[in-house]
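S.K.: With the input below, show me the fold.
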Amino acid sequence: MRKLLISLVAVFAVTGVSFAQDAGAPNRSLGFYLDSFSGDLTKDPDGNTRTFSGNEFEFGMVYSQNFATVPWLSMYVKALFIVGQRTEYENGDYAGQKPHYAVGQSLLADPRVAVGINYKYGVLAFDTRGLMANENFYTLDFGNAGSLTFNTILEFWAVPVARLGTDTVGSPNYGLYKHAVVDLFALRVDYGISFAKIWRFTTKLAFRFNGDESAKAFKESFSIRWENQIAVAVTDKLGMWVQLRYHIDGLAKPKVTGMKLVDNHLYLQAGLSYSLNLSGL
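M.R.: Purely as a prediction, here's the structure:
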């Protein structure tokens, strides 16, 4: 798996990025945002209710600044706080239990800070959890007919984290911890089109892989995500958006008698943002 990581890092390596000295007045901005996430709106594969499990509210502030001599290169600092609620599940490994069943609720409170660099065709970021993220993209602009953007996304742990290999009783890896490096690898294509001056519709289709405890686990984590978003620029400072997300996983897992592994998720998301132009300060 480490060979896979090295290959991926080589593919996504940022090349040709140089930090220029600030020779003039750069563009600066300060933004505030609130994003909400409904959590699951569907039942789990065994028919258990999990409505609103995984719901989150994210509050954040972002400061960004470009470089006067290199306008396509900018940096940002983001501070955010996430609160939410999750349903705790256990595997049913004993007679009479369903393969997955809910055992309670837990609250989530997750503050973090992220620092990132935006360059012409991508973003490189690092946050206080030790997670590094690289996104590269290329856009084909069709004018009034919209635009098509191709994205590659790689997230990995700068310091590998320990994850439980399996919690299935009787498995050779039961109770053993393995180190994960890659957290997410995804390929995504977006199509967006503006209408009625201040409105924009974007549809996104992504093919995703999560985790890398082993090459087998990486392959079995394959999932598909489809998102449809409507955004409106109320003013040049205030923006709002709403999005419907459909996510299906368990597609590549080996079949197990009596267990339903394919899981269909439906989520609703919405956000509000306000930005201030600090360039004249």
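
S.K.: and Thr202, what does it touch?
M.R.: Under the criterion of C-beta atoms under 8 Å, 6 or more residues apart in numbering, the neighbours of Thr202 are 190-193, 227-229, 231. For the C-beta atoms, the positions are set from N, CA and C on the backbone; glycine is no exception.

S.K.: which residues does it bridge with?
M.R.: Gly192, Gln229 (DSSP bridges).

S.K.: Could you report the separation of it from Phe222?
M.R.: 24 Å (C-beta to C-beta, to the nearest Å).

S.K.: you'd agree Met132 is up against Ile117?
M.R.: No - the criterion here is C-beta atoms under 8 Å, and Met132 misses it with Ile117 at 11.6 Å.

S.K.: where do the strands sit along the stretch 51-200 of the chain?
M.R.: 55-67, 70-91, 100-119, 122-127, 131-141, 147-164, 177-195, 199-210 (DSSP state E, counting those that start in this stretch).

S.K.: Just give me the neighbour total for Thr51.
M.R.: 12 (other C-beta atoms under 10 Å).

S.K.: State the three-state secondary structure for Ala217.
M.R.: Classification of Ala217 by DSSP: H, G, I helix; E, B strand; the rest coil places it in helix.

S.K.: ok, now Asp46?
M.R.: coil.

S.K.: repeat for Lys255
M.R.: coil.

S.K.: Can you give me the distance of the residue nearest to it when sequence neighbours are not counted to Pro254?
M.R.: Among residues not flanking Lys255 along the chain, Leu261 sits closest, at 7.1 Å (C-beta to C-beta, 6 or more residues apart in numbering). According to C-beta to C-beta, Leu261 and Pro254 sit 8 Å apart.

S.K.: okay, these two: which has more neighbours?
M.R.: Just comparing Leu261 and Pro254: by other C-beta under 10 Å the higher neighbour count belongs to Leu261, 15 against 7.

S.K.: what touches both of Met132 and Ile117?
M.R.: 124-125.

S.K.: For Thr42, find the nearest of the strands of the stretch 51-200 of the chain.
M.R.: strand 70-91 (12.7 Å; C-beta to C-beta).
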